[in-house]
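Participant: Okay, sequence plus prediction incoming.
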Amino acid sequence: MKSLVGICIDRPVFAAMIVLSLVVVGGASYFRLGVDRFPRIDLPQASVRTTLPGGAVEVVETQISEPIEAAVNTVEGITEVRSISGAGASNVTVVFNLDRDINVATQDLRDRVSAVTRNLPEETLPPVILKFNNDNAAAISIALSGNLSLRELTEFADKIAKPRLERSAGVGEVQIVGGLERTINIWVDADRLAAYRLPITEIQTALARQNQDAPGGNVTAGATEQVLRTTGRLTDPEAFNDLVIKSVDGAPIRIRDIGRAEDGTKEQRSVARLNGVPTVVLDVRRQTGSNTIEVIDAVKQNLELVKAELPAGVSVEIIRDQSRYINAALHEINVHLLLGAILASLVVFAFMRDWRATVIAAIAIPSSVVATFGMMAALDFTLNS
């Protein structure tokens, strides 16, 4: 340290060049540092989410939650296991020790859950294993409202707005909340079904068998080969009424004989309102490690293209924007850094009564702060951490 001080005293130009190079590197690194609302942390926590469509709470608890809990208990480094069982859904949360690598722990969790999957009910959907991540929160939320029906708004959100926003740089997922998806509903008359002595599973089996596209193999003609595909999926909602469920004594029993087909919507599982009016909300989530400010700016640029494609009467409004808080926080940080440097220089002048010492302090404080940005970029730190 003494030799470094001596070199800097003997060679002031050399010392000035070192400081200036550190300031240049730090200044260039400042614009490449990541920015987010919260620091980037990996909490040692993961969840196992399993869905059983139509499953009762008791069935979900005894046949899904408890077997998964027993399987994950064998993973090393677990401090807590808790589960929530609801109608058709199970959520098992696993908390690990702080010194446990969450990526390795999550992989061990997948191995244990995959071993017990074969023992779950047949209708159970594959379990989804996720580790806790701050990036799962929506960076920006956009509301679509207007004088159209909720189903029409959902179609515009799904077919126009969502694909445009997903093309934005850094966007990981766009989720629609409060929408009504189109579907073909089969309404069954229970009395007619009982009169024909048909179980409800017969209708489900007939729909799955007759409403599907299947590969038809290959056809070779000389030097050419063509791929065949049987187009059996129904495109007209009225065609479902003519679908044959079963033949009894040579007489076909069709959908229209026991009920009717309707071009309707799925059951609404989420609700979104803007100023008391039903609306459709698009939650935009960013990719892990991407800059929140840059992602939101890219989304806003594509949002202008979305507005141009939407029909008259449909309004688009940003209802949640994390960049507002982040920009305000960064502005306050810059103001406080500037005020801190000025006040520190005034304190030095008040005690030293020397303009030369004051100028040295006024240069040294911002230089040291700016040079730190270079080391932060080298260590992959963000302005939050």
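Facilitator: Nice, I can see it.
Participant: so who does V116 touch?
Facilitator: Shown in contact with V116 (CB atoms under 8 Å, 6 or more residues apart in numbering): 67-68, 70-71. Yep, even glycine has a C-beta here, placed from its N, CA and C like the rest.
Participant: With respect to T292, which of those is nearest?
Facilitator: Closest approach between these and T292, by CB to CB: I68, at 33.9 Å.
Participant: So, low pLDDT: which residues of the chain?
Facilitator: Counting by pLDDT under 70, the chain shows low-confidence ranges at 1-2, 36-42, 134-135, 384-385.
Participant: quick one: the closest residue to G86 other than its chain neighbours and D10, what's the gap?
Facilitator: Distance criterion CB to CB, 6 or more residues apart in numbering; nearest residue to G86, sequence neighbours excluded, is V57 at 6.3 Å. Remark: distance between V57 and D10 (CB to CB, to the nearest Å) = 80 Å.
Participant: if we can go back for a sec, would you agree the residue nearest to G86 is in contact with S85?
Facilitator: Yes - between V57 and S85 there is a contact under CB atoms under 8 Å: 5.8 Å.
Participant: what about the two, which has more around it?
Facilitator: S85 (21 against 14; other CB atoms under 10 Å).
Participant: Which residues does the helix or strand that the more buried one is a member of contact?
Facilitator: Counting by DSSP states H and E, the element that carries S85 is strand 78-86. Defining contact as CB under 8 Å, 6+ apart, one finds that strand 78-86 is touched by 57, 60-61, 64-65, 68-69, 72-73, 90-97.
Participant: Report the buried residues of it.
Facilitator: Under the neighbour-count criterion of 16 or more other CB atoms under 10 Å, strand 78-86 has 78, 81, 83, 85 buried.
Participant: Now for the residue nearest to G86: which residues touch it?
Facilitator: Neighbour list for V57: 85-87 [criterion: CB under 8 Å, 6+ apart].
Participant: and the strand holding S85, which strands flank it?
Facilitator: strand 89-96 (antiparallel) (DSSP bridges).
Participant: How far off centre is the strand it pairs with?
Facilitator: 18 Å (CA atoms, centre = their mean, to the nearest Å).
Participant: can you check stretch 44-53 too?
Facilitator: Per CA atoms, centre = their mean, the centroid offset for stretch 44-53 relative to its chain is 15 Å.
Participant: Same check on stretch 131-147?
Facilitator: Counting by CA atoms, centre = their mean, stretch 131-147 comes out at 8 Å from the chain centroid.
Participant: Repeat that for stretch 166-179.
Facilitator: 8 Å.
Participant: Can you give me the buried ones in it?
Facilitator: Across stretch 166-179, burial judged by 16+ other CB under 10 Å covers 168, 170-171, 174, 176-179.
Participant: What of stretch 115-122?
Facilitator: For stretch 115-122, by 16+ other CB under 10 Å, it's 116, 120.
Participant: Same check on stretch 252-264?
Facilitator: Using 16+ other CB under 10 Å as the burial criterion, the residues of stretch 252-264 that qualify are 253, 255, 257-259, 261.
Participant: and what of stretch 267-279?
Facilitator: For stretch 267-279, the neighbour count (16+ other CB under 10 Å) marks 272, 274, 278-279 as buried.
Participant: Which ones among those residues lie within strands?
Facilitator: Of the buried residues of stretch 267-279, the ones assigned to strands by DSSP state E are 274, 278.
Participant: what's the farthest-apart pair in the buried residues of stretch 267-279?
Facilitator: In the buried residues of stretch 267-279, two members sit farther apart than any others by CB to CB. They are L274 and P278, at 8.3 Å.
Participant: follow-up on the earlier one: is it possible to get JSON lines of the contacts of V116 that adds secondary structure, distance to V284 and neighbour count?
Facilitator: Shown next, in JSON lines, are the contacts of V116 (DSSP: H, G, I helix; E, B strand; the rest coil; distance: CB to CB, whole Å; neighbours: other CB atoms under 10 Å):
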{"residue": "P67", "secondary structure": "helix", "distance to V284": "36", "neighbour count": "17"}
{"residue": "I68", "secondary structure": "helix", "distance to V284": "31", "neighbour count": "26"}
{"residue": "A70", "secondary structure": "helix", "distance to V284": "38", "neighbour count": "12"}
{"residue": "A71", "secondary structure": "helix", "distance to V284": "35", "neighbour count": "20"}
